[in-house]
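A.B. asks: Sequence first, predicted coordinates after that:
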Amino acid sequence: MDAPPDTVFTLIADPSRAPEWQTMITEMGEISGRPGGVGSSYIGFYRVAGRRIEGHFIVTAAERPTLHQAAGTTRGGWARWTTVIEAIDGGSEVRVDLEYELPGELIGSLFGILTGNRLEQEFRRTYDNLRELAEADADPGRRRRPPPTGAIREAGDTRTRNTPDVPDTPDDEGTAAPMMAEPVPVRTG
């Protein structure tokens with residue numbers, strides 16, 4: 001990323017800015033504590049495999065501007081998201097390790113495989129958005145490319161956004177196929 005580590009860390013650590021770059025977030029709930037501070041917490045509402053999933057996260061490790069880790073739970077699932085940021089050539093290299101298990105009952109199904117592929121695509125889009133946002137924050141004169149359809153909500157918009165291949169479903173706590181995933185590598189160059 002063509003942005004300094006402190007700029008990148010600030011974006012990652014501030015849950016109120018997550019809807020600007022995380023493509024699966026539909027809205028943020030309660031946020032408490034200092035952004036990026038160990039012990040701070042937040043609630044995020046995610047759209048995964050057509051289901052609305054509420055995640056409760058707490059920051060478990062943070063060293064500005066190089067490390068941010070949050071661990072969270074959902075009804076029947078969990079996630080641990082570790083981000084390492086390294087200064088490189090006047091910018092930043094970002095490495096992400098995401099481990100998760102989604103709630104659900106469809107072990108080993110085709111649906112589970114498709115969900116995993118869909119999630120990998122979303123993570124790649126998410127980190128492309130983060131790169132664009134960090135670079136725009138680092139250089140306010142830089143014009144940010146418009147986000148993909150459905151990727152970012154307008155301020156005050158409480159509707160759940162939809163993406164073309166994820167059907168809209170009622171806003172209830174749904175289930176998705178359980179799965180473990182290897183960390184998704186993020187291309188930063």
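C.D. replies: Received it, and whenever you're ready, just let me know what you need. Numbers count the residues shown, from 1 in each chain.

A.B. asks: pLDDT value on the residue nearest to P19 when sequence neighbours are not counted, please?
C.D. replies: Residue nearest to P19 in three dimensions, not counting chain neighbours: I25, with 4.9 Å by CB to CB, 6 or more residues apart in numbering. Quick note: C-beta positions are derived from backbone N, CA and C, even for glycine. We note a pLDDT of 93 for I25 in this prediction.

A.B. asks: now L98
C.D. replies: For L98, the model assigns a pLDDT of 87.

A.B. asks: gap between the residue nearest to P19 and L67?
C.D. replies: When CB to CB, to the nearest Å is applied, the distance between I25 and L67 equals 22 Å.

A.B. asks: Looking only at neighbour counts, state which of these two leads.
C.D. replies: Set side by side, I25 and L67 show unequal neighbour counts under other CB atoms under 10 Å, the larger going to I25 at 21 against 15.

A.B. asks: hey, what's the more buried one bridged with?
C.D. replies: Counting by DSSP bridges, I25 forms beta bridges with Y46.

A.B. asks: Surely it touches P15?
C.D. replies: No - contact between I25 and P15 fails when scored by CB atoms under 8 Å: they sit 9.3 Å apart.
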